[in-house]
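K.L.:
structure here, sequence nowhere to be found:
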């Protein structure tokens, strides 16, 4: 994508002066409308990400440039400002105004050269004093050494530097930097190969998992050592979700949610759920409208119910049928209508589309077992789903007689956002059939299948 945003656009008179981009929030819809050439609000995710990056870079360049200009102006003002002129006061008058300090007695100094001792002999003498026992050091006087700095004409003759014996020894014997501990080649190799992520996971384990005494594994009479893995092997992530409180109710309408909506995240999306556990926490005592009641139909060997999702209105029906080829089958039919919320009060609905899957009646019990295995599989929290179309969250393949049945949970994209979808692919030697419906309705479909199977069993059809 070419450069579309200039740093000067964020100036007070620029076209994006009212926009403050944030690295974790998407661009407003008004900003996306300015780029209709690239799709506007329907812009692909990769283009919107590139545009968002350009906005952040240009915004930072503009404010960094302004801050540098302000610093330069402040420095220019300091250098160009003229210093205030001080009044000329005679030096004698200044000295007379200063308070006279009390006179101190002249300090006695030790002249080493008068005693006939050279400079090298004086340094040796000082080192010998430190080697004497403490009792002798207390008795021996500590000589003072004159500074080797040349005295200026204004400095007094009594200025001297007094150093203790330990300070002189530190000057004579400078401390060398401590050498790092020596490591073997194997230890150095492991220290270089340890990743940061592994350390993070280890700290996280130590924080959240309670300490348990390590028990050696036993195989009969042998005591096996605990396994030790290489530091580069990452531990398998586990989800330990908090349980939803009894006072928090989840309604059927709150299950319709897009994983791109990070401004409002329902409680169920923050927890790792399976389709069965998600069905259990929904409050079934909440009243429903008369229009929704009309979509429920129940007859012998027949069930119809709504399975609406984020981007489509679905009516599912499961029923038994005897074909002209003298085959007894159970049909799962989905009538889907895509819809788009153009505003809060208007909705655009598309043409209905019908798909179905035919299962032999003698295979319905095995199909229900496969379906329950998929519905009872726990997935990670919905709020952490990958925001990419056709991303596979789970896939399982089963075989029964000549049929191959594949269940896939994928991310599908629509006008209203991204949602989880369960796709069922049934194929044999001659035909291939596919249906799909929202993953949040998986438990409803499983319940209807079990009821139809129980009625067929009681009637003697299977």
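P.N.:
Okay, I see it. The shown structure was predicted, so the numbers you read here are calculated from the model rather than taken from an experiment. Residues are numbered from 1 along each chain as shown.

K.L.:
for the rest of this, base every contact and every neighbour count on C-alpha atoms.
P.N.:
Will do.

K.L.:
quick check: end-to-end length of stretch 436-448?
P.N.:
Using Cα to Cα, to the nearest Å, the end-to-end distance of stretch 436-448 comes out at 16 Å.

K.L.:
buried ones in that stretch, by neighbour count?
P.N.:
436-446, 448 (16 or more other Cα atoms under 10 Å).

K.L.:
out of those residues, which sit inside strands?
P.N.:
Counting by DSSP state E, the buried residues of stretch 436-448 place 436-438 in strands.

K.L.:
got a markdown table for these, with pLDDT and distance to residue 407 too?
P.N.:
As requested, these are exported to a markdown table (pLDDT from 0 to 100; distance: Cα to Cα, whole Å):
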| residue | pLDDT | distance to residue 407 |
| --- | --- | --- |
| 436 | 94 | 10 |
| 437 | 94 | 12 |
| 438 | 94 | 13 |
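
K.L.:
quick one: which of those residues is nearest residue 393?
P.N.:
Distance to residue 393, by Cα to Cα, is smallest for residue 438 among those, at 13.5 Å.

K.L.:
wait, which of the ones in strands among the buried residues of stretch 436-448 is closest to residue 273?
P.N.:
Closest to residue 273, out of all of these and judged by Cα to Cα, is residue 438, at 14.8 Å.

K.L.:
excluding covalently adjacent residues, which one is nearest to the closest one?
P.N.:
Spatially, and ignoring its direct neighbours in sequence, residue 438 is nearest to residue 421 (4.4 Å; Cα to Cα, 6 or more residues apart in numbering).

K.L.:
what residues does the helix or strand encompassing the one you found touch?
P.N.:
Assessed by DSSP states H and E, residue 421 sits inside strand 417-427. Around strand 417-427, the neighbours that count as contacts under Cα atoms under 8 Å, 6 or more residues apart in numbering are 257-260, 310-311, 357, 387, 389, 403-413, 432-440, 442.

K.L.:
report the buried members of those.
P.N.:
In the contacts of strand 417-427, the ones that pass as buried (16+ other Cα under 10 Å) are 257-260, 310-311, 357, 387, 403, 405-413, 435-440, 442.

K.L.:
can you tell me which of the residues you listed are in helices?
P.N.:
residue 442 (DSSP state H).

K.L.:
so which of the buried ones among the contacts of strand 417-427 are in strands?
P.N.:
Short answer: those in strands (DSSP E) are 357, 403, 405-413, 435-438.

K.L.:
between those, which is nearest residue 46?
P.N.:
Using Cα to Cα, these come closest to residue 46 at residue 413, 14.4 Å.

K.L.:
what residues are up against the closest one?
P.N.:
389, 419.

K.L.:
show me what counts as buried in the longest helix seen in the chain.
P.N.:
The single longest helix within the chain, with elements called by DSSP H, is helix 45-80. Within helix 45-80, the residues scored as buried using 16+ other Cα under 10 Å are 48, 51-56, 58-59, 61-62.

K.L.:
cool, stretch 285-303 as well?
P.N.:
For stretch 285-303, by 16+ other Cα under 10 Å, it's 301-303.

K.L.:
and that stretch, how far apart are its ends?
P.N.:
Across stretch 285-303, first to last residue, Cα to Cα, it's 21 Å.

K.L.:
tell me what the nearest residue to residue 435 once chain neighbours are set aside is bridged to.
P.N.:
Closest residue to residue 435 apart from its sequence neighbours, by Cα to Cα, 6+ apart: residue 424 at 5.5 Å. Here residue 424 sits in beta bridges with residue 407, residue 435, going by DSSP bridges.

K.L.:
can you redo the buried residues of helix 45-80 as TSV, where the extra columns are distance to residue 71?
P.N.:
Output for the buried residues of helix 45-80, formatted as TSV (distance: Cα to Cα, whole Å):
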residue	distance to residue 71
48	35
51	31
52	29
53	27
54	26
55	25
56	23
58	20
59	19
61	15
62	15
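
K.L.:
for these, give me JSON lines that also has distance to residue 325 and pLDDT.
P.N.:
As requested, the buried residues of helix 45-80 are exported to JSON lines (distance: Cα to Cα, whole Å; pLDDT from 0 to 100):
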{"residue": "48", "distance to residue 325": "54", "pLDDT": "86"}
{"residue": "51", "distance to residue 325": "59", "pLDDT": "88"}
{"residue": "52", "distance to residue 325": "60", "pLDDT": "89"}
{"residue": "53", "distance to residue 325": "61", "pLDDT": "89"}
{"residue": "54", "distance to residue 325": "64", "pLDDT": "87"}
{"residue": "55", "distance to residue 325": "65", "pLDDT": "89"}
{"residue": "56", "distance to residue 325": "66", "pLDDT": "89"}
{"residue": "58", "distance to residue 325": "69", "pLDDT": "88"}
{"residue": "59", "distance to residue 325": "70", "pLDDT": "88"}
{"residue": "61", "distance to residue 325": "74", "pLDDT": "87"}
{"residue": "62", "distance to residue 325": "75", "pLDDT": "87"}
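
K.L.:
and which of those is nearest residue 27?
P.N.:
For these, the nearest to residue 27 is residue 52 (6.7 Å; Cα to Cα).

K.L.:
wait, isn't that closest one in contact with residue 26?
P.N.:
Yes. Using Cα atoms under 8 Å, residue 52 is in contact with residue 26, at 7.4 Å.

K.L.:
and the one helix or strand residue 318 maps to, what does it pack onto?
P.N.:
Using DSSP H and E, residue 318 falls within strand 312-322. Applying 3 or more Cα pairs under 8 Å, 6 or more residues apart in numbering; DSSP states H and E, one finds that strand 312-322 contacts strand 302-306, strand 328-341, helix 442-459.

K.L.:
swap the cut-off to 6 Å and go again
P.N.:
strand 302-306, strand 328-341 (3 or more Cα pairs under 6 Å, 6 or more residues apart in numbering; DSSP states H and E).

K.L.:
for residue 365, find the nearest of the ones you listed.
P.N.:
Closest among the helices and strands packed on strand 312-322, using Cα to Cα: strand 328-341, at 11.1 Å.

K.L.:
not counting residues beside it along the chain, what's closest to residue 335?
P.N.:
residue 354 (4.5 Å).

K.L.:
measure residue 294 to residue 444 for me?
P.N.:
17 Å.

K.L.:
domain parsing for this protein?
P.N.:
Using automatic domain parsing, the domain ranges for the chain come out as 7-68, 267-459.

K.L.:
rank the ones you listed by pLDDT, which is bottom?
P.N.:
Looking at the domains of the chain, the lowest mean pLDDT belongs to domain 7-68 (a mean of 86).

K.L.:
skipping adjacent residues, who's closest to residue 420 in space?
P.N.:
residue 411 is the one closest to residue 420 (Cα to Cα, 6+ apart), at 4.8 Å.

K.L.:
cheers, nothing more for now.
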